[in-house]
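Asks: I need the structure of the sequence given here:
(one chain, ligands or ions: 2)
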Amino acid sequence: MSDTRPNVSVLSLVNQKGGCGKTTTAVNLAGALAARGETVLLVDLDPQAHATMALGCALEDEPSVAEVLLDEATILETIQPAPGGIDLLPADPRLGEFEEVSERLLNPEQRLARALAGLGERYRWVIVDCPPRADGVLCANALFASTTALLIVETGAFALQGALQALRVFDQTAERQGYRPPVKVVGTLFDRRTKFARELLVAMHGRFGDDMFDTVIRTSVRLREAPAVGLPIHELAPTSRAAADFDSLVEEVLAQLAPKTKTAPPQAATESPVDAERAEGPARSTRRART
Ligand SMILES: Nc1ncnc2c1ncn2[C@@H]1O[C@H](COP(=O)(O)OP(=O)(O)OP(=O)(O)O)[C@@H](O)[C@H]1O
Ligand SMILES: [Mg+2]
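Replies: Numbers count the residues shown, from 1 in each chain. Ligands and ions are numbered 1, 2, ... in the order given. Presented below is the predicted three-dimensional model:
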């Protein structure tokens, strides 16, 4: 993937542990990148559709990522604009059907990579929010399409064990697929008032070294509220501590994971590639994000 599409960085947010902050980090990392004027596509690859809901986008009869993976819709007709300058490839529970039929498909784990290849050079960043099942075909799709996997680790009890277990699952998937993206660790839900959390963070840095970002996402009431109003933190509370945490993460991501070559400057966040596509020609859906 990194060889064939050098102008885009595809980051998948993964962990088989539920509730560790994958969706929160995916939505707000995408929002923070977009706030910097970067072109970002957020792919909701979870049948729970939490990222879609967190951006206030509710699907009715429109196609979702499931139809794209099943070749029943094109990626361009499925992407929709979301708040904060993010473009969203939305999910709904039909994604569970893809998991069910995938056994009958040829190379089902390569479907997302194939769909993303159809985007040309529209985005510098693709952020993929994964379900809490690291051994399934959806996570396999994300890993196969990724230039880097971001392992999201809640800085709570059993965090290190959970992270190491997740890495073992990735290794098994990678061996099957013959491709393993590099992994970077992001600590989340950090409460610095807790001695345990502070010690755990030190232990995680000791274990993962340069493979762990210096930024840790702290627990924040605003981050917990943001999905209910359907906005990324940069729209809801741009001067908040939580927005500052994501700005700090973006600094590191830009410094370490930016696409290797850059053929065009990033577009302003106000005109998304989806809007550009709409202006260019083919009839586009009129659906808009609920903002
Ligand atoms: N930094 C944070 N501060 C406060 N609350 C947070 C933070 N990160 C996540 N949460 C909250 O924790 C819960 C789980 O977060 P999230 O949905 O991002 O996890 P997840 O890993 O995507 O879960 P799942 O495995 O179900 O997809 C949510 O209620 C979310 O609002
Ligand atoms: Mg989630």
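Asks: got the residues of the chain near ligand 2?
Replies: For the chain, the residues in contact with ligand 2 (CB under 5 Å from the ion) are Lys22, Thr23, His50. Every C-beta, even on glycine, is put in place using the N, C-alpha and C of the backbone.
Asks: my guess is the last one meets Pro227, correct?
Replies: Yes - using CB atoms under 8 Å, His50 is in contact with Pro227, at 7.3 Å.
Asks: anything in contact with each of these two?
Replies: Thr23 (CB atoms under 8 Å, 6 or more residues apart in numbering).
Asks: among the residues of the chain next to ligand 2, which are in reach of ligand 1?
Replies: With CB under 6 Å from any ligand atom as the criterion, the residues of the chain next to ligand 2 include Lys22, Thr23, His50 near ligand 1.
Asks: ok now do the first one, which residues does it touch?
Replies: Applying CB under 8 Å, 6+ apart to Lys22 gives the contacts Leu13, Val14, Asn15, Asp129, Cys130, Pro132, Ile152.
Asks: can you rerun that using 6 Å?
Replies: When contacts are counted by CB atoms under 6 Å, 6 or more residues apart in numbering, Lys22 touches Leu13, Ile152.
Asks: what would the residues of the chain next to ligand 2 look like in CSV with distance to Val185, secondary structure and pLDDT?
Replies: Below are the residues of the chain next to ligand 2 laid out as CSV (distance: CB to CB, whole Å; DSSP: H, G, I helix; E, B strand; the rest coil; pLDDT from 0 to 100):
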residue, distance to Val185, secondary structure, pLDDT
Lys22, 13, helix, 97
Thr23, 17, helix, 98
His50, 21, helix, 97
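Asks: and which of those is nearest to Ser248?
Replies: Nearest to Ser248 among those, counting by CB to CB, is Lys22 at 18.6 Å.
Asks: thinking again about what came up before, and which of the residues of the chain next to ligand 2 is nearest to Ala140?
Replies: Nearest to Ala140 among those, with distances taken as CB to CB, is Lys22, at 16.0 Å.
Asks: Show me which residues of stretch 94-107 are buried.
Replies: Going by neighbour count (16 or more other CB atoms under 10 Å), the buried part of stretch 94-107 is Arg94, Leu95, Phe98, Glu99, Ser102.
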